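J.: requesting a structural model of the entry that follows:
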Amino acid sequence: MRTNLPSKRRALVIVDLQKDFCPGGALPAASGNDIVHVINQILPQFDFVIASKDWHPQQTVHFETWPPHCIRGTAGANLHEELHTEAIDQLALKGTGNTDDGYSAFEATNLDMEFELKKRGVEGIFITGIATEYCVKATAMDALKSGFKVYLVEEGVAAVEKEKGDHEKAIREMKEAGCIAVKAKEI
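T.: Modelled structure (predicted):
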């Protein structure tokens, strides 16, 4: 039985489910591999699916804060090999310049995320991916600012946890801002 989820078109946004953010990668979220099966299970429930990717150049100010990761054209920038990529309708590339961080999928340089979603009549956005406390949170906040109803799929996100408790803190902040936390089985 569905809860009060939107009846209009729904979109799934998969934030940065890339090899460098999973165990064995340059900047891993410990549970990065664990969220792939959750995302694969819910993919068929959506009218439109966008996956964002960090797509950094070799040299960027971003690497003054973080170790080099998701450098365009490298294996680490690829989406997780177990993700059902055939269900993805659009890729949003972010962090593509040498002076931008590109945390939010709404900062994509190859498309206007808000425009793409609104032209399809999307009202509800369900967010999954990595890292809860950085790119997932930034995407959720920008989606709220753009007027979308935002749902956070709780077991579909993973944190880098630079500091202990970052994951829970980020979820709390997203809820306080207006995001609705849901379980995959509620979709």
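J.: to the chain's geometric centre, what's the distance from stretch 125-144?
T.: In terms of CA atoms, centre = their mean, to the nearest Å, the centre of stretch 125-144 is found 5 Å from the chain centre.
J.: what comes up buried for that stretch?
T.: Using 16 or more other CB atoms under 10 Å as the test for burial, stretch 125-144 gives 125-144. In this view, the C-beta of every residue, glycine as well, is placed from N, C-alpha and C.
J.: just stretch 47-55 next, same as before
T.: Of the residues in stretch 47-55, 48-55 count as buried by neighbour count, 16+ other CB under 10 Å.
J.: next: stretch 78-98.
T.: Neighbour-count burial for stretch 78-98 [16+ other CB under 10 Å]: 78-80, 83, 85, 88, 90-96.
J.: find the residue closest to Asp54 in space, skipping its chain neighbours.
T.: The shortest distance from Asp54 to any residue other than its chain neighbours is 3.6 Å, reached at Cys70 (CB to CB, 6 or more residues apart in numbering).
J.: show me what contacts the one you found?
T.: 16, 18, 20-21, 26, 53-56, 76-77, 95 (CB atoms under 8 Å, 6 or more residues apart in numbering).
J.: nearest to Ala181, of the residues you listed?
T.: Asp16 (19.5 Å; CB to CB).
J.: partner strands of the biggest strand by length in the chain, parallel or antiparallel?
T.: Among the segments of the chain that qualify as a strand by DSSP state E, the longest is strand 149-158. Sheet pairing of strand 149-158 (DSSP bridges) gives strand 124-130 (parallel), strand 180-182 (parallel).
J.: what about Phe115, how many neighbours?
T.: The burial count assigned to Phe115 is 10, neighbours taken as other CB atoms under 10 Å.
J.: who's in contact with the helix or strand in which it is found?
T.: Using DSSP states H and E, Phe115 maps to helix 113-119. Contact with helix 113-119 is made by 11, 48, 50, 90, 92, 105-106, 125, 142, 146, 148, as judged by CB under 8 Å, 6+ apart.
J.: CA atoms of that helix as PDB?
T.: What follows is helix 113-119 as a C-alpha-only set of coordinates in PDB (Å, rounded to 0.1, in the frame of the first residue of the first chain):
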ATOM      1  CA  MET A 113      18.100  19.700 -14.300                       C
ATOM      2  CA  GLU A 114      15.200  21.800 -13.200                       C
ATOM      3  CA  PHE A 115      14.100  22.400 -16.800                       C
ATOM      4  CA  GLU A 116      14.400  18.700 -17.700                       C
ATOM      5  CA  LEU A 117      12.300  17.600 -14.800                       C
ATOM      6  CA  LYS A 118       9.700  20.300 -15.100                       C
ATOM      7  CA  LYS A 119       9.200  19.800 -18.900                       C
END
